[in-house]
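Student: quick one: sequence plus predicted model below, questions after.
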Amino acid sequence: MSVTVKGEKELMAALDKKFGKAKMTLLTDQALHSGAEVFVKELKREFEKFKDTGESIREITISKPVWVGNVRAISVHWKGPKDRYRIIHLNEFGTVKNPNPKGKGAIARAMRNAEAAYREAIKKKLKAGI
């Protein structure tokens, strides 16, 4: 089953015209940040299950919203003094020597578990702003 959405560009143009491009960008940024916080909360919950020192949890960071092509986006990444970003992919996918680490698939599970709450947070923030 597939769904085709029509009129998205027209809707965005109408919102930009009514509220202004700057206000819509600000509102979008706030909604993205709110959604990212929901995802980070779930990600931290997943990482708690296999934490050792907790550095991977403490280094989770939310970026500022940026333009990716013609779409506004925000990213969740690892940044901190312990450089945990270097081993996150090993934890997520495993290695040849350790194909099934304790945290295998934690990021994917967090994304799947937080999807509905993420969408709801985005909707709630956008409705409040409009």
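Tutor: Yep, it's here.
Student: ok, now how distant is the nearest residue to Gly129 once chain neighbours are set aside from Val40?
Tutor: Residue nearest to Gly129 in three dimensions, not counting chain neighbours: Leu27, with 4.1 Å by C-beta to C-beta, 6 or more residues apart in numbering. All C-beta spots, glycine's among them, are computed from the backbone N, C-alpha and C. In this structure, Leu27 and Val40 are separated by 20 Å, where distance is defined by C-beta to C-beta, to the nearest Å.
Student: tell me how many other residues surround the residue nearest to Gly129.
Tutor: For Leu27, the tally of surrounding residues (other C-beta atoms under 10 Å) stands at 17.
Student: for the one helix or strand it maps to, buried residues please.
Tutor: Element membership for Leu27, per DSSP states H and E: helix 21-48. Going by neighbour count (16 or more other C-beta atoms under 10 Å), the buried part of helix 21-48 is 24, 27-36, 38-40, 42-44, 46-47.
Student: that helix - what's its average pLDDT?
Tutor: In this model, helix 21-48 has a mean pLDDT of 95.
Student: restrict the helix or strand just after that helix to CA atoms and write it as PDB.
Tutor: Once helix 21-48 ends, the next helix or strand along the chain (criterion: DSSP H and E) is helix 55-58. Extracted in PDB, the C-alpha atoms of helix 55-58 (Å, rounded to 0.1, in the frame of the first residue of the first chain):
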ATOM      1  CA  GLU A  55      30.900   8.100  28.600                       C
ATOM      2  CA  SER A  56      28.900   7.200  25.500                       C
ATOM      3  CA  ILE A  57      25.800   8.500  27.100                       C
ATOM      4  CA  ARG A  58      27.400  11.700  28.400                       C
END
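Student: pull out the buried positions in the helix or strand that comes right after helix 55-58.
Tutor: Later in the chain than helix 55-58, the nearest helix or strand by DSSP H and E is strand 60-62. Going by neighbour count (16+ other C-beta under 10 Å), the buried part of strand 60-62 is Ile60.
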